[in-house]
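Asks: coords please:
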Amino acid sequence: MKKAVPDKEYTEKVKRLTPKSPILKDCLSAFLFGGFMCISGEVLFNLYSGLLTDEKVARTAVSITVIVFTAILTGIGVYDKIAKIAGAGLAVPISGFANSVCSPAIEYSTDERDIIGLSRKAP
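Replies: Next up is the predicted model:
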């Protein structure tokens, strides 16, 4: 049976082995990408408001557009690469929700089964 590591020794080992995070860079990146998402949402809203008469429908169309666009980026493997750079800037908005729903479905589909509506070449 293994001997338990004392708390103080464990804490020191964790501090020594944990890589340092560039906090300023991470915060700036999250701010810029989150701001880009907000600006993109406003641009889409203005576009849809000009095309549609109802403001509520325009807001719904913006949400649907962001979800579909994120799902496509997740499906082709681009969203995760962007999210590594953007950090929390993309995790908080609705795009983070779409990614969290699509990622497990895609991961599961590669293991055993297909996702309905996703075409693949037969082996």
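Asks: before we move on, which element is the residue nearest the centre of the chain in?
Replies: Taking CA atoms, centre = their mean, the centroid of the chain lies closest to Gly96, which sits 3.8 Å from it. Counting by DSSP states H and E, the element that carries Gly96 is helix 94-111.
Asks: look at the spatially closest residue to the residue nearest to the centre of the chain that is not a sequence neighbour and say how many residues are nearby.
Replies: Leaving out its chain neighbours, the residue that sits closest to Gly96 by CB to CB, 6 or more residues apart in numbering is Leu90, at 6.0 Å. The way it works is simple: take the backbone N, C-alpha and C, and place the C-beta from them, glycine included. Residues contacting Leu90 under the criterion other CB atoms under 10 Å number 22.
Asks: and Leu90, what helix or strand is that in?
Replies: Counting by DSSP H and E, Leu90 is found in helix 88-91.
Asks: elements contacting that helix?
Replies: In terms of contacts (3 or more CB pairs under 8 Å, 6 or more residues apart in numbering; DSSP states H and E), helix 88-91 is packed against helix 23-51, helix 79-86.
Asks: counting neighbours, what do you get for Val68?
Replies: For Val68, the neighbour count with other CB under 10 Å is 11.
Asks: correction: the previous question concerned Ala61.
Replies: 18.
Asks: then Gly77?
Replies: Neighbourhood size, Gly77 [other CB under 10 Å]: 9.
Asks: ok, now Phe36?
Replies: 13.
Asks: Phe69 now?
Replies: Neighbours of Phe69 (other CB under 10 Å): 15.
Asks: if I pick it, what's in contact with it?
Replies: Ser95 (CB atoms under 8 Å, 6 or more residues apart in numbering).
Asks: if you set the cut-off to 10 Å instead, what comes out?
Replies: For Phe69, the contact set (CB atoms under 10 Å, 6 or more residues apart in numbering) comprises Ser40, Leu44, Tyr79, Ser95, Ala98.
Asks: what do you get for Ile67?
Replies: By CB under 10 Å, 6+ apart, the contact set of Ile67 is Ile94, Ser95, Phe97, Ala98, Asn99, Val101, Cys102.
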